Structures are given as C-alpha cells and as structure tokens.
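**Student:** need a structure here:
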Amino acid sequence: QLQLVESGGGLVQAGESLTLSCATSQYTLDYYAVGWFRQAPGKEREAISCISHDGSSTKYADSVKGRFTISRDNAKNTVYLRMSSLKAEDTAAYYCAADLFGDGTKWSTPQEYDYWGQGTQVTVSA
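**Tutor:** Residues are numbered from 1 along each chain as shown. Coordinates of the predicted model:
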C-alpha cells in the first residue's frame, strides 16, 4: 500500500511563502497523478492542484492560480507545492493524494484518488 507523507507546513505571515512536499519511500510515484487538497475547519475539502504522472500537465483551482506551483521529482518520489503570496484564507490542513494511472480528467474529485497522506497544517497570520 502506497504511503504518502506530507511535510513543510507551518506558521507564516501573509505574503510569505512555503513549499510543501509529498513523498513516498517504499514505492515509485511514476504511475500516479498527484493532487493537493486542503480543508479548513468547518469547510469541505477543496482541490487546489494536480500534476500528471510525468509532470507534463498541471491544474490549479482559481483560488490559487498564479500563486501556487506544483512540481514533481520522480527520481525522489516527491511532489512539491510551492505556495507564494499566502493569504489568511489559505489557512488549512493540506493533503496530497495519489491517483494510479490518473489522467487528470476528474482531478478535483477526491473519490478519484487511491491513496492519501495524513496532512500538514498551514497557518497564515494576517
């Protein structure tokens, strides 16, 4: 079973940047599309970005477009989410998820993903 581990969360001020990582150690991520989701208290889980298995295609929610960048290094079995110009409304628990052979068609649908990490908290102070 694929185990995903997120890291890189923390407390930052508005306008600052953070880079989240999503890594697996025991299996390759080569065949997985990987998405990032977030969930704030009292709100539904929100899809924010996805990257295809080979990195050739990326998708972003409108709420983060132009501020967040997703990338991957398959040699390190790691997917990154670079978050810039952070806002207080970006505060949430962030999760990565892997979709085996995913083509990105339904990238924003949580049910499309086969494996999930435990999440990392990002808190942005205004």
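
**Student:** number of nearby residues for residue 61?
**Tutor:** By the criterion of other C-beta atoms under 10 Å, residue 61 has 17 neighbours. Using the backbone N, CA and C atoms, a C-beta is placed for each residue, glycine as well.

**Student:** which residues touch it?
**Tutor:** Shown in contact with residue 61 (C-beta atoms under 8 Å, 6 or more residues apart in numbering): 46, 47, 48, 49, 108.

**Student:** how far does stretch 9-17 sit from the chain's center?
**Tutor:** 16 Å (C-alpha atoms, centre = their mean, to the nearest Å).

**Student:** now do stretch 81-94
**Tutor:** So, by C-alpha atoms, centre = their mean, the centroid of stretch 81-94 is 11 Å from its chain's centroid.

**Student:** Stretch 1-11 now?
**Tutor:** 9 Å.

**Student:** Now do the end-to-end distance for it.
**Tutor:** Stretch 1-11 has its terminal residues 31 Å apart, counting by C-alpha to C-alpha, to the nearest Å.

**Student:** Spell out the secondary structure type for the residue nearest the centre of the chain.
**Tutor:** Centroid-nearest residue in the chain, with C-alpha atoms, centre = their mean: residue 36, separated by 2.4 Å. The assignment at residue 36 comes out as strand when based on DSSP: H, G, I helix; E, B strand; the rest coil.

**Student:** which of the contacts of residue 61 are buried?
**Tutor:** Neighbour counting by 16 or more other C-beta atoms under 10 Å classes 46, 47, 48, 49 among the contacts of residue 61 as buried.

**Student:** which among these gets closest to residue 81?
**Tutor:** residue 49 (6.3 Å; C-beta to C-beta).

**Student:** Right, I'll call it a day here.
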